[in-house]
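*Asks:* turn this into a structure:
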Amino acid sequence: MIRATTVLCVRHRGQVAIAGDGQVTIGQTVVKAGARKVRKLHHDRVLAGFAGAAADAFTLFSRFEAKLDEHRGNLPRAAVELAKDWRTDRALRRLEALLAVADADHSLIVSGTGDVIEPDDGMIGIGSGGPYALAAARALVQHSDLDAKAVVAEAMRVAAGICIYTNDHVTVEVL
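*Replies:* The predicted model follows:
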């Protein structure tokens, strides 16, 4: 289980939003509160967030953006190619992280074991607080009039109140 972060992606009402908390921990100590774990890639048409070690995430973001360029922004193809490299490349194989990526049409989880998963409902929660944020987001989508950006922000606040590895310094990106 990857701890020390929460990333949430919600596809709702024609919008896709991704949020990440800012907490960085080493063991049981908080060493940074305002890290940026989500970003826009490929001409601001793809959202990406990571759960895992920061150095691993920078490597994966760089590789993933190269795959997006290589495949002209085709998110599913780029994700599959990254997952194949991640699983077979000797150096990448050791990276411990998960990626949540989304564009206007797809939301995917990409892992180092070769998994590329598109959730049925377009919602993704990764990291130690991911299940809490995901549950809150699903409830908010069903029982509120909030848009995707507001859903991820509120669900992240819920997760921060439950998970000790998640804080309320949240970055949100929207397509």
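*Asks:* could you point out the longest helix of the chain?
*Replies:* In the chain, with assignment by DSSP state H, the single longest helix is helix 54-70.
*Asks:* where do the strands of this protein begin and end?
*Replies:* Here the chain has its strands, by DSSP state E, at 6-12, 15-20, 24-26, 29-32, 38-41, 46-52, 97-102, 107-111, 116-117, 124-127, 171-174.
*Asks:* of those strands, give the one that comes closest to R157.
*Replies:* strand 15-20 (9.9 Å; CB to CB). All C-beta atoms are positioned from the backbone trio N, CA, C, and that covers glycine.
*Asks:* partners of that closest one in the sheet?
*Replies:* Its sheet considered, strand 15-20 pairs with strand 6-12 (antiparallel), strand 171-174 (antiparallel) by DSSP bridges.
*Asks:* deepest-packed of those strands, please.
*Replies:* Scoring these by mean neighbour count under mean count of other CB atoms under 10 Å gives strand 6-12 as the most buried, with a mean of 29.
*Asks:* of the strands paired with strand 15-20, which approaches A139 most closely?
*Replies:* Nearest of the strands paired with strand 15-20 (CB to CB): strand 6-12, 11.8 Å.
*Asks:* what mean pLDDT does the closest one have?
*Replies:* Mean pLDDT, strand 6-12: 97.
*Asks:* any idea of the angle that strand forms with strand 107-111?
*Replies:* If you take axes from the mean of the first three to the mean of the last three CA atoms, to 10 degrees, strand 6-12 sits at 150 degrees to strand 107-111.
*Asks:* tell me the angle strand 6-12 makes with strand 97-102.
*Replies:* Calculated by the same axes, to 10 degrees, strand 6-12 forms an angle of 20 degrees with strand 97-102.
*Asks:* in its sheet, what does the lowest-mean-pLDDT helix or strand in the chain sit against?
*Replies:* Ranked by mean pLDDT, DSSP states H and E, the weakest helix or strand in the chain is strand 24-26, scoring a mean of 83. With DSSP bridges as the test, strand 24-26 is paired with strand 29-32 (antiparallel).
*Asks:* buried residues, the partner strand. List them.
*Replies:* Across strand 29-32, burial judged by 16 or more other CB atoms under 10 Å covers no residue at all.
*Asks:* residues making contact with it?
*Replies:* 22-25, 167 (CB atoms under 8 Å, 6 or more residues apart in numbering).
*Asks:* tell me the mean pLDDT for that strand?
*Replies:* The pLDDT scores in strand 29-32 average 86.
*Asks:* is it true that A136 touches V152?
*Replies:* No - the pair A136 and V152 does not pass the contact test of CB atoms under 8 Å, sitting 9.6 Å apart.
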